[in-house]
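K.L.:
quick one: sequence plus predicted model below, questions after.
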Amino acid sequence: MGMLVATALAGRMLSTLRQPLGSLWGSLATLLCWLRAALWWSAAEKGQQQLGGEPEGTREEEEEDGTIPTSVNYHFTRQCNYKCGFCFHTAKTSFVLPLEEAKRGLFLLKEAGMEKINFSGGEPFLQDRGEYLGKLVKFCKAELGLPSVSVVSNGSLIRERWFRDYGEYLDILAVSCDSFDEQVNVLIGRGQGKRNHVENLQKLNKWCKEYKVAFKINSVINRFNVEEDMREHIKVLNPVRWKVFQCLLIEGENCGKDALREAERFLISEEEFEGFLERHREVSCLVPECNQKMKDSYLILDEYMRFLNCRQGSKDPSRSILDVGVEQAIRFSGFNEKMFLRRGGKYVWSKADMKLDW
Ligand code: SF4
């Protein structure tokens, strides 16, 4: 009898404890599963890295999540008709995305918060005689409704017909001009043979006015133009902005192994750059950009729509936004939003807001 009572009591106790023990065991099992999964992922990642399977660009430290691609520079071609000795986006490939793929990428960027697109190269007017560029410009303004669409060009291939067809969709045309002395342009690699770069600049300025496009000038200050006085020429042309860059070295582009240029002989010191700025201080539209300001303050997309990370002094590509999306790719862009704002990257960039006297 005593035995029966003891057995019954033990049975009751067990059944009372079964429920809490059961749920405790359940939690432990879940925890073990989670730990096992975490260890498996870590081993798998390590294995992938050892096999070289890590995606391009991940060797860089990751940016904080949530970077918005407010202003993007899309270098859709590396091909160019000039051979500037300091060029830092050289003709390493001849690849250009099919138009519809480029549009898809631009749409993704717009969805991610892009407000300004700048098309650059290489020479953007080279592809399909400017038609490819024109179609992208029109798409960005008329279909995506971007506040600002701009182009940087060496200006040598632009025809009036392009302005007639696409001028209304373009906010800013920036033309590169490093010297008003044709001999210096030849030395730099921007010589136009019989044609004169300065006359061409005046013609483009006139078309910009006629077709209501804001006209901008970009100059790279280097060993051959650092002593030049450009004040009068710039005042006559009267651009909305005159962006003045200090010549910059980029590993793999214009210096080092595999580079197509050797730009060392073009370099100038900070002091020399300051001297040039001082001489042109009275030019109100001048926007200076020393190497320090340029560093990591641009979002650059290459011809495959990969962000180029310049943090180590070369251009390391992320994966393409067409494959992994903008959010994933932008983590490896090396972009520093604070530097972007510090260099005045955000300005009145829509021609509708510029109040220009056309
Ligand atoms: S015009 Fe521009 S893209 Fe062409 S070679 Fe000169 S710097 Fe490079």
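P.N.:
Sure, I can see it.
K.L.:
from here on, just use CA atoms for contacts and neighbour counts.
P.N.:
OK.
K.L.:
could you measure the residue nearest to residue 340 when sequence neighbours are not counted against residue 70, distance?
P.N.:
In this structure, residue 340 finds its nearest non-sequential neighbour in residue 297, 4.3 Å apart by CA to CA, 6 or more residues apart in numbering. Distance of residue 297 to residue 70, computed by CA to CA, to the nearest Å: 12 Å.
K.L.:
could you look up the SS state of residue 163?
P.N.:
helix (DSSP: H, G, I helix; E, B strand; the rest coil).
K.L.:
scratch that, residue 173 is what I was asking about
P.N.:
Three-state call for residue 173 (three-state DSSP): strand.
K.L.:
mind listing what the spatially most central residue of the chain touches?
P.N.:
By CA atoms, centre = their mean, the chain has its centre lying nearest to residue 300, at 1.5 Å. With contacts defined as CA atoms under 8 Å, 6 or more residues apart in numbering, the neighbours of residue 300 are 72-75, 307-309, 333.
K.L.:
distance across stretch 239-253, terminal residue to terminal residue?
P.N.:
Using CA to CA, the two ends of stretch 239-253 sit 29 Å apart.
K.L.:
likewise for stretch 111-130?
P.N.:
One end of stretch 111-130 sits 26 Å from the other (CA to CA).
K.L.:
quick one: buried residues of it?
P.N.:
Going by neighbour count (16 or more other CA atoms under 10 Å), the buried part of stretch 111-130 is 112, 114-127, 130.
K.L.:
starting at the chain centroid, how far to that stretch?
P.N.:
On the basis of CA atoms, centre = their mean, to the nearest Å, stretch 111-130 sits 11 Å off its chain's mean C-alpha point.
K.L.:
average pLDDT for that stretch, rounded please.
P.N.:
Per-residue pLDDT over stretch 111-130 has a mean of 96.
K.L.:
same check on stretch 350-358?
P.N.:
Stretch 350-358 carries an average pLDDT of 79.
K.L.:
tell me the buried residues in that stretch?
P.N.:
350-351.
K.L.:
what does that stretch contact?
P.N.:
The contact list for stretch 350-358 (CA under 8 Å, 6+ apart) reads 147-149, 171-172, 209-210, 212-214, 348.
K.L.:
report the entries of the residues you listed that also contact the ligand.
P.N.:
Applying CA under 6 Å from any ligand atom to the contacts of stretch 350-358, one finds that nothing falls near the ligand.
K.L.:
show me which of the residues you listed are buried.
P.N.:
Of the contacts of stretch 350-358, these count as buried by 16+ other CA under 10 Å: 147-149, 171-172, 212-214.
K.L.:
neighbours around residue 272, how many?
P.N.:
17 (other CA atoms under 10 Å).
K.L.:
tell me where the stretch 51-200 of the chain has helices.
P.N.:
Applying DSSP state H, counting those that start in this stretch to the stretch 51-200 of the chain gives helices spanning 99-111, 131-138, 160-166, 182-188, 197-210.
K.L.:
ok, which of those helices comes nearest residue 293?
P.N.:
Ranking those by proximity to residue 293 (CA to CA) places helix 182-188 first, at 23.4 Å.
K.L.:
list the contacts of the closest residue to the ligand within the stretch 101-250 of the chain.
P.N.:
Ranking the residues of the stretch 101-250 of the chain by distance to the ligand (CA to the nearest ligand atom) places residue 122 first, at 3.7 Å. Applying CA under 8 Å, 6+ apart, we find residue 122 in contact with 75, 77-80, 89-91.
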